[in-house]
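Engineer: Just to be clear, the model below is a prediction. Sequence and coordinates:
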There are 2 protein chains.
Amino acid sequence: MKRFKVTFQPANEKMYVPEGTTIKDALTAAGLDFDFPCGGRGKCGKCRVRVLNGAGLPTSAERKHLEEKEIEQGNRLACMTKIHGDLTVQLPFKKRPEAKILQIAPEKDVQLRPRIRKVYAEAEPPSLDDQRPDWERLKASAGLDGLRAPLPLLRKLPQLARETKYHLTLVLEKEEVLGLEKFDTRDKMLGMAFDIGTTTVVGYLMDLRTGKDLNVASMLNPQAAYGADVISRITFISQEEAGLEKLHGSILAAVNELIGQAAEKAGVAREDIYALTVAGNTCMHHLFLGINPRNLALCPYTPATKEPLALNGRELGIEINEAGRIYTLPNIAGFVGADTVAVILATDLDRSSDIKLAVDIGTNGEIVLGNSERLLACSAAAGPAFEGAQIYCGMRGAEGAIDHVRFGEELEFSVIGEGKPKGICGSGLIDAVAGLLEQGIIDKRGKIRSPHEIGSLKGKFENNIVQHEGANAFLLVDESQTAHGRPILITQRDIRELQLAKGAIATGIQVLMEKQGIETAEITEVLLAGAFGNYLNPRSACAIGLLPPALVEKVKGVGNAAGTGAKAALLSLGEYQRAALISESVEYVELSAYPAFNSLFASSLTFPEPLIPEPSS
Amino acid sequence: MKRFKVTFQPANEKMYVPEGTTIKDALTAAGLDFDFPCGGRGKCGKCRVRVLNGAGLPTSAERKHLEEKEIEQGNRLACMTKIHGDLTVQLPFKKRPEAKILQIAPEKDVQLRPRIRKVYAEAEPPSLDDQRPDWERLKASAGLDGLRAPLPLLRKLPQLARETKYHLTLVLEKEEVLGLEKFDTRDKMLGMAFDIGTTTVVGYLMDLRTGKDLNVASMLNPQAAYGADVISRITFISQEEAGLEKLHGSILAAVNELIGQAAEKAGVAREDIYALTVAGNTCMHHLFLGINPRNLALCPYTPATKEPLALNGRELGIEINEAGRIYTLPNIAGFVGADTVAVILATDLDRSSDIKLAVDIGTNGEIVLGNSERLLACSAAAGPAFEGAQIYCGMRGAEGAIDHVRFGEELEFSVIGEGKPKGICGSGLIDAVAGLLEQGIIDKRGKIRSPHEIGSLKGKFENNIVQHEGANAFLLVDESQTAHGRPILITQRDIRELQLAKGAIATGIQVLMEKQGIETAEITEVLLAGAFGNYLNPRSACAIGLLPPALVEKVKGVGNAAGTGAKAALLSLGEYQRAALISESVEYVELSAYPAFNSLFASSLTFPEPLIPEPSS
């Protein structure tokens, strides 16, 4: 779907929206929320705006409300006008008061306007002259006459009202009453943004009144006990009785544990937490909600839903304030989930005029390419090599892992935790292979050469070429220097695994470029999201062809962008609503259905020509 | 609050509403529901009507939408125009298609339009060309794009969709999705209307598609085990640990039991029941919902709420379809509950131009007096005498109870179940005392005369005057004719109890007449609601002064009007909405705060002059 730029005047606010979005929805997603008296049905004619360039033909609803001359001048109804090109829109009506703007990441600002709010009320106690019931009395004094109370609140209201002489705080979401609290509790309103990864779960504790970060807590996803990756967890569910309940229960327990940790470290109570936003891949999303993800593993990989959901925390099993709400971010497709929506939200990819590439590398690599006009996304099945699995001396990026390697005068490497190495993790492996390519020890097809095959100039490390299981291998660290007294090798098989992994990602990028009809040079920035992206040396990634070598100077880590997106949605109603627009407008590309996939994949297995060497520092 | 008549043309539909009601709300309550594009906020100007007589001054919102000339012609906005007098309103806009009209009681018609509806959808299964998620696929094919699905539905959707090839039925309430069912189940949609009395619980099973009665089930309210009346049950709650839970649990169990009985007798499944309406007094309402009714027993007798509530059946603990909803009718005050709202609904008292009196006699007698212009209600604490309690030979209206007594040539009586009598119930006692008054055996002050005090003409039953505990008593049935071999007596104390009970009701009626500023003769009809009202001989009730003797020819039983009202609200959205209007507009009169109450009560204890004798048939 094409995306267009809408500029709202006089605010000069810019918004990029998928083709066919109404001006009304664009206003909302831009955080410029106005009243639409008839709810956007073209009935009231009150949302008149003036399109300064390229207003299309008016609808019949617009003809009813606008005179011919007004139409000629570009006047239209915001709710009826769909966007089919870049527009500048003049707003004649008044917007709501400006909310505070916060910077939540180096390049990410959000409007502070959470979905939850509190209203404090003081009502007169009843008397024979005024026998109104407790609830009617309370809501009248809060100025909220139209509200209906949920039963659990009505059950506790009589007692609370008498304990406090009707000094009570209502917790609201839109026009819905969520909670009732004794006295004035408006100063307590916290929230947490969660990024539920297949491997790691992170929760950011924030103050919803100020937007401030209070704390962060993270842990390995305990579902790993039932399978390292998405597919093996789905297999577990299919084979094990109550498998879904186990996986669902274990992620709930993890989230509850992290809530407790973060609250404790920040010195606050978990009952002060009123909202959670949750981003994760589609499988993590389904498992968090207790929806069976089985169909995600079966062609055509259909999720149960991709919509954003708003849920009662306690009903789901999340231990926060009893009024607390859980907001899951929307998904895009079976293998491009809410975490990718959050990455787009965090990087404002949907508002960018320049074409950018965002890559979140893991067992599945989610790739997004495009700009405000059109965003394409796909998921590349990289397999576990980047996570250190199925690599002879591979391990996760944990203590003892070699995470960076440099072929200088000597072989240099760094170890996580700074002790003796135990193995090598994904970023270390990529560095090592990039170096071996540069040294000519590995050829373009990935073969580890024998010493006699290596040219004279590059012979420095030829003694490290050893035999392993009947093939050449590269000795990275000999047994005297490792923690366990065994050598750390890179085997021929390891190279093959890495070729498959990087080939999958490279093919995904290639397919999206072809679908967009663009050349590599048109990409202005490559955003590496996620923990792996943070560790990864961009030069090495380009050197092995994981990322296009021509873009080596344009690669930038954006940290845990999924977490940043979840934080944005937590703090800002407008960002949360924009997430829904992103979910609807990003075009998912199914790689397995792409005709040239196999040939592209086969040719992406080879390594590129060596990069121009990095200037030595 | 005053009530006015609004006549809608060209439909000639009449509606009586409290002063200050908008024309919009009157339209809705009259079942004439139109679209109000802006939701009735005076923003869109689309709900223009013409007030044919007595349009007041226009609001500023109306001035914005209407020209001076239009305003002069009586044009107004239905949403902005409040009713301050009788109006005739010409409707220029099209109403929705007419719903079927049903007669659910001799004088009660309702429009068949339940709150629950079903939509059947057939979606295409997903493919690589169309990977939309299950929910988005389903709702698009149902034409319900804006709907959000609740989590429990999303959890079962993937399985159900695949089992049925996406042939599914959605259960909806307004724009909310309640349920999801396999294949086309539109032919299954039942409901039950419940009247939860302090003594008896009745449930009417109905088909919501046709409006037909399917069955009825009733039982004694099992809460009686914890106290015969409302006050003793509240006392139980205050004194007993988990008292509220016990009372709440026992009424839920009773309702579930009756649902099972009615369904079994009708040969249907309880899962086919999607809606319950519930009417009961305010205490029964609170106990059914699990709200502590303690404050109802403490001055100023404050309920937790009087609003109508819509609840998920399973969450409350009601065993019907998992999508099923429970709709409680609204209350009026602490001692005038949803059952009285249901009586008003059933008797259309709020739409009557004539002044009528409705009385529902029990331990508390609810009394409503007025017409469409103004309805007043009060609750009179009659005590348990009418239920046979605290009467020497008193008993409930069950098998073996003397329910009617006639002083002819001989003393005649009828017995429930037609066996030998075991005691006397309320209606029998009232007949007996009425007869004793006519015979001159009781004097105006309630004293049972000794044989020598009775004049010559009335000596027929003087041999039945016996001594009991040092006072005169009347032997109704001697020991040879009773089931248990003990005589059935009416004691002096019984007469005193009855005087207190009938005096309370009579005082309530008197206070309401004084508040309305009307004379007895202005009352055109006395409607006796409830089971007791059905058994009661109106002549006897007037003879003892329970009801005004002058109205003896105007008394009419209306059966279980509370049940009829609950049925009306079950079948018809308009009636349910009218219940809310009734709850808001009926003026509650607190008898204990009425200045002349004590003197009126004292004078109401005496018996009236004997009625002109009933012509013998």
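Structural biologist: Received it, and whenever you're ready, just let me know what you need.
Engineer: Residue A:327 against residue A:569, yeah?
Structural biologist: Yes: if you go by CB atoms under 8 Å, residue A:327 and residue A:569 touch, sitting 6.7 Å apart. Every C-beta, even on glycine, is put in place using the N, C-alpha and C of the backbone.
Engineer: Report the distance from the worst-scoring helix or strand of chain A on mean pLDDT to the chain centre.
Structural biologist: Here the helix or strand of chain A ranked lowest by mean pLDDT, DSSP states H and E is strand A:13-18, holding a mean of 74. Here strand A:13-18 is found 20 Å from its chain centre; the criterion is CA atoms, centre = their mean, to the nearest Å.
Engineer: following that strand, which helix or strand comes up?
Structural biologist: helix A:23-29 (DSSP states H and E).
Engineer: hmm, that next one touching chain B?
Structural biologist: No: Helix A:23-29 is not in contact with chain B by CB under 8 Å from any CB of the partner chain; minimum separation 12.4 Å.
Engineer: what packs against that helix?
Structural biologist: Packing partners of helix A:23-29 (3 or more CB pairs under 8 Å, 6 or more residues apart in numbering or on different chains; DSSP states H and E): strand A:3-9, strand A:13-18, helix A:573-585.
Engineer: hang on, the earlier thing: mind listing the shared neighbours of residue A:327 and residue A:569?
Structural biologist: A:277, A:576 (CB atoms under 8 Å, 6 or more residues apart in numbering or on different chains).
Engineer: Looking at these two, which one has more neighbours?
Structural biologist: residue A:569 (34 against 23; other CB atoms under 10 Å in any protein chain shown).
Engineer: Could you say which helix or strand holds that one?
Structural biologist: Counting by DSSP H and E, residue A:569 is found in helix A:561-571.
Engineer: Just the CA atoms of that helix, as PDB, please.
Structural biologist: Presented in PDB, the C-alpha positions along helix A:561-571 are these (Å, rounded to 0.1, in the frame of the first residue of the first chain):
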ATOM      1  CA  ALA A 561      13.600  -0.200  19.400                       C
ATOM      2  CA  ALA A 562      10.800  -2.600  20.100                       C
ATOM      3  CA  GLY A 563      11.000  -1.500  23.700                       C
ATOM      4  CA  THR A 564      11.100   2.100  22.800                       C
ATOM      5  CA  GLY A 565       8.000   1.600  20.700                       C
ATOM      6  CA  ALA A 566       6.200  -0.100  23.600                       C
ATOM      7  CA  LYS A 567       7.200   2.900  25.800                       C
ATOM      8  CA  ALA A 568       5.800   5.300  23.200                       C
ATOM      9  CA  ALA A 569       2.500   3.500  23.100                       C
ATOM     10  CA  LEU A 570       2.400   3.400  26.900                       C
ATOM     11  CA  LEU A 571       2.800   7.100  27.200                       C
END
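Engineer: quick one: low-confidence parts of chain A?
Structural biologist: A:1-3, A:33-35, A:37-39, A:93-98, A:456-459, A:612-617 (pLDDT under 70).
Engineer: what's the domain layout of it?
Structural biologist: Domain ranges of chain A: A:3-90, A:116-182, A:193-328, A:353-383+A:500-560+A:574-603, A:385-498, per automatic domain parsing.
Engineer: Now those domains in CSV, please, with extra columns for distance to residue B:341.
Structural biologist: Below are the domains of chain A laid out as CSV (distance: least, CB to CB, whole Å):
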stretch, distance to residue B:341
domain A:3-90, 31
domain A:116-182, 14
domain A:193-328, 30
domain A:353-383+A:500-560+A:574-603, 40
domain A:385-498, 65
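Engineer: what's the closest of these to residue B:479?
Structural biologist: Closest of those to residue B:479 is domain A:116-182, at 50.5 Å (criterion: CB to CB).
Engineer: Now do the end-to-end distance for the closest one.
Structural biologist: With CA to CA, to the nearest Å applied, domain A:116-182 spans 17 Å between its terminal residues.
Engineer: Could you do stretch A:275-286 as well?
Structural biologist: 19 Å.
Engineer: where does residue A:109 land in three-state SS?
Structural biologist: Here residue A:109 is recorded as strand under DSSP: H, G, I helix; E, B strand; the rest coil.
Engineer: That one pairs with what?
Structural biologist: residue A:103 (DSSP bridges).
Engineer: closest one to residue B:20 among the domains of chain A?
Structural biologist: domain A:116-182 (13.4 Å).
Engineer: Residue A:412 looks like it's in a strand, true?
Structural biologist: Yes: checked against three-state DSSP, residue A:412 lies within a strand.
Engineer: Which element, helix or strand, includes the closest residue to it other than its chain neighbours?
Structural biologist: Closest residue to residue A:412 apart from its sequence neighbours, by CB to CB, 6 or more residues apart in numbering or on different chains: residue A:406 at 4.5 Å. Element membership of residue A:406 [criterion: DSSP H and E] is strand A:401-407.
Engineer: so how far is that strand off the chain centroid?
Structural biologist: Worked out by CA atoms, centre = their mean, strand A:401-407 lies 28 Å from the chain centre.
Engineer: Give me the sheet partners of it and which way each runs.
Structural biologist: Applying DSSP bridges, one finds strand A:401-407 paired with strand A:411-415 (antiparallel), strand A:423-424 (parallel).
Engineer: residue contacts, the residue nearest to residue A:338 when sequence neighbours are not counted?
Structural biologist: Nearest residue to residue A:338, sequence neighbours excluded (CB to CB, 6+ apart): residue A:329, at 3.7 Å. For residue A:329, the contacting residues are A:277-279, A:308, A:338-339, A:341-342, A:345, A:565-566, A:569, A:576, A:579, A:583, by CB under 8 Å, 6+ apart.
Engineer: what do you get for residue A:271?
Structural biologist: A:320-322.
Engineer: Could you export those residues as CSV, including secondary structure, neighbour count and distance to residue A:145?
Structural biologist: Shown next, in CSV, are the contacts of residue A:271 (DSSP: H, G, I helix; E, B strand; the rest coil; neighbours: other CB atoms under 10 Å in any protein chain shown; distance: CB to CB, whole Å):
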residue, secondary structure, neighbour count, distance to residue A:145
A:320, coil, 25, 29
A:321, coil, 24, 25
A:322, coil, 18, 25
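Engineer: nearest residue to residue A:81 other than its sequence neighbours?
Structural biologist: That would be residue A:23: by CB to CB, 6+ apart, it lies 4.9 Å from residue A:81.
Engineer: Which of the residues in the host helix or strand of residue A:206 are classified as buried?
Structural biologist: Element membership of residue A:206 [criterion: DSSP H and E] is strand A:200-207. Within strand A:200-207, the residues that count as buried by 16 or more other CB atoms under 10 Å in any protein chain shown are A:201-207.
Engineer: Quickly run through the sheet partners of that strand, with directions.
Structural biologist: When DSSP bridges is applied, strand A:200-207 pairs with strand A:190-196 (antiparallel), strand A:213-220 (antiparallel).
Engineer: So which of the ones you listed is the most surrounded?
Structural biologist: strand A:190-196 (a mean of 29; mean count of other CB atoms under 10 Å in any protein chain shown).
Engineer: send the alpha carbons of it over as CSV?
Structural biologist: The C-alpha trace of strand A:190-196 is given here as CSV (Å, rounded to 0.1, in the frame of the first residue of the first chain):
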residue,chain,number,x,y,z
LEU,A,190,2.6,4.1,36.8
GLY,A,191,2.9,1.9,33.8
MET,A,192,5.2,-0.7,32.2
ALA,A,193,6.2,-1.2,28.7
PHE,A,194,7.1,-4.8,27.8
ASP,A,195,9.1,-6.3,25.0
ILE,A,196,8.6,-10.0,25.0
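Engineer: now it, how far from the centre of its chain.
Structural biologist: The mean C-alpha position of strand A:190-196 is separated from the chain mean by 12 Å, CA atoms, centre = their mean.
Engineer: and the direction of it versus that of helix A:561-571, what angle?
Structural biologist: Relative orientation of strand A:190-196 versus helix A:561-571 (axes from the mean of the first three to the mean of the last three CA atoms, to 10 degrees): 150 degrees.
Engineer: do the least confident helix or strand of chain A and chain B meet?
Structural biologist: No: Strand A:13-18 does not reach chain B (CB under 8 Å from any CB); its nearest approach is 15.4 Å.
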